[in-house]
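Asker: The sequence isn't on hand, but the structure is:
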């Protein structure tokens, strides 16, 4: 929750959930459609559950999460609770919710002791700079003063994009010349934010491949410089992941977390080719807080992650969507 956050407009939330369902499940749901085909006669047995497990793994849910989900269903089967496809679907809902509910942890902003620093990390193409712009608007709308730090000094386009977001939201942007030391840029931004009593500093960083150790070391340096500046900074290390990358997104999360100690995740491009399974895999493997999810380019296409809404979207079918 946000210290100054206005109550979420119910129409805004309902609109996002509806778009999430539509974009996550184009046509029949990836789960409900498969269930109808896995058990055409309606009978649920071990063979159906084995086929379901294979389908979950193929849908980027991953081996560990798929095994946990199916084990829960097997217990229900042993208790004779899986009498038909509808019961199987409800069992799936419960099992997936058990994995996702613990990572539903909204970002809490504290402005005690100086600016709240959010260090944004992730590889090129994940939507990191766009996410920063959306967060800047969100925080500004919530009544916080916001500043942006252009720590990606290797791409002129990244700085220009950040400056465009700043101008659009009337938010100051601290930038230096191309090739400047990112740690120095973010350090200067912190000084500026503190002197101007800014509430939230969003620091962009270069999109770096998780297997390029030199670039990862540079991120560690940025974190170290901020921490030296203030013992609690950065208060949030937010990793932005592209859902359409599937298992590669999980690999990225593991590498970034090992190097930096990620404190929160934003998942973008859930309207892409992926169908949401990777979020389940990440939640099961890393148990890191999922702060936001994104389904498009618009500012209102990124919202706080709510496990129940996400599970409903995963399991929605055309009939449910048409009844809303």
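Answerer: Happy to help now that I have it. Just so you know, these numbers come straight off a predicted model, no measurement behind them.

Asker: From one end of stretch 290-310 to the other, what's the distance?
Answerer: 12 Å (Cα to Cα, to the nearest Å).

Asker: Quick one: mean pLDDT for that stretch?
Answerer: Stretch 290-310 shows a mean pLDDT of 90 in the predicted model.

Asker: what's it in contact with?
Answerer: 12-13, 15-17, 19-20, 23-24, 97, 100-101, 103-107, 127, 130-131, 133-135, 137-138, 238, 264-271, 276, 279, 282-283 (Cβ atoms under 8 Å, 6 or more residues apart in numbering). Yep, even glycine has a C-beta here, placed from its N, CA and C like the rest.

Asker: 7 Å instead, please
Answerer: 12, 16-17, 19-20, 23, 97, 100-101, 103-104, 106-107, 127, 131, 134, 137, 238, 264-271, 279, 283 (Cβ atoms under 7 Å, 6 or more residues apart in numbering).

Asker: Quick check: ChimeraX command selecting the buried ones in those residues.
Answerer: Those of these that count as buried under 16 or more other Cβ atoms under 10 Å are selected in ChimeraX with:
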select :16,17,19,20,23,97,100,103,104,106,107,127,131,134,137,238,264,265,266,267,268,269,270,271,279,283
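
Asker: where are the low-confidence patches of this protein?
Answerer: For the chain, applying pLDDT under 70 flags the ranges 1-14, 25-33, 208-211, 272-275, 317-324.

Asker: Can you show me the strands along it?
Answerer: With DSSP state E, the ranges of strands along the chain come out as 116-121, 146-151, 173-174, 200-205, 236-242, 264-268, 290-294, 302-304.

Asker: So for residue 165, which of the ones you listed sits nearest?
Answerer: strand 146-151 (7.1 Å; Cβ to Cβ).

Asker: which helices and strands sit right next to that closest one?
Answerer: Secondary-structure packing of strand 146-151 (3 or more Cβ pairs under 7 Å, 6 or more residues apart in numbering; DSSP states H and E): helix 128-141, helix 156-169, strand 173-174, helix 182-195, strand 200-205.

Asker: Not counting its own residues, what contacts that strand?
Answerer: So strand 146-151 is in contact with 132, 136, 139-140, 159, 162, 166, 171-175, 182, 185-186, 189, 192-193, 198-205, 222, going by Cβ under 7 Å, 6+ apart.

Asker: and if you look at stretch 46-53?
Answerer: In contact with stretch 46-53 (Cβ under 7 Å, 6+ apart) are residues 38, 39, 66, 70, 73, 74, 77.

Asker: now with 8 Å?
Answerer: Counting by Cβ under 8 Å, 6+ apart, 34, 35, 38, 39, 66, 67, 69, 70, 73, 74, 77, 88 sit against stretch 46-53.

Asker: Kindly report the same for stretch 98-105.
Answerer: Counting by Cβ under 8 Å, 6+ apart, residues outside stretch 98-105 touching it are 65, 68-69, 72, 264, 279-280, 283-284, 287-291, 305-308, 310-311.

Asker: Just the buried subset of the residues you listed, please.
Answerer: For these, buried by 16+ other Cβ under 10 Å: 65, 68-69, 72, 264, 279-280, 283-284, 288-291, 305-307, 310-311.

Asker: circling back: in helices only, show me the contacts of stretch 98-105.
Answerer: Taking DSSP state H, the ones among these that sit in helices are 65, 68, 69, 72, 279, 280, 283, 284, 307, 308, 310, 311.

Asker: For the fourth one, which non-adjacent residue is closest in space?
Answerer: If I follow you right, that is residue 72. Closest residue to residue 72 apart from its sequence neighbours, by Cβ to Cβ, 6 or more residues apart in numbering: residue 95 at 4.2 Å.

Asker: cool, and the first one?
Answerer: Counting by Cβ to Cβ, 6+ apart, residue 284 is the residue found nearest to residue 65 once chain neighbours are left out, at 3.7 Å.

Asker: Closest one to residue 145 out of the contacts of stretch 46-53, please.
Answerer: Closest to residue 145, out of all of those and judged by Cβ to Cβ, is residue 69, at 43.8 Å.

Asker: ok, now which ones touch that closest one?
Answerer: Per Cβ under 8 Å, 6+ apart, neighbours of residue 69: 53, 56, 61, 92, 95, 96, 99.

Asker: Can you get me a residue count around the last one?
Answerer: This points to residue 99. Residue 99 sits with 23 neighbouring residues when counted by other Cβ atoms under 10 Å.

Asker: Fine, thanks again, bye for now.
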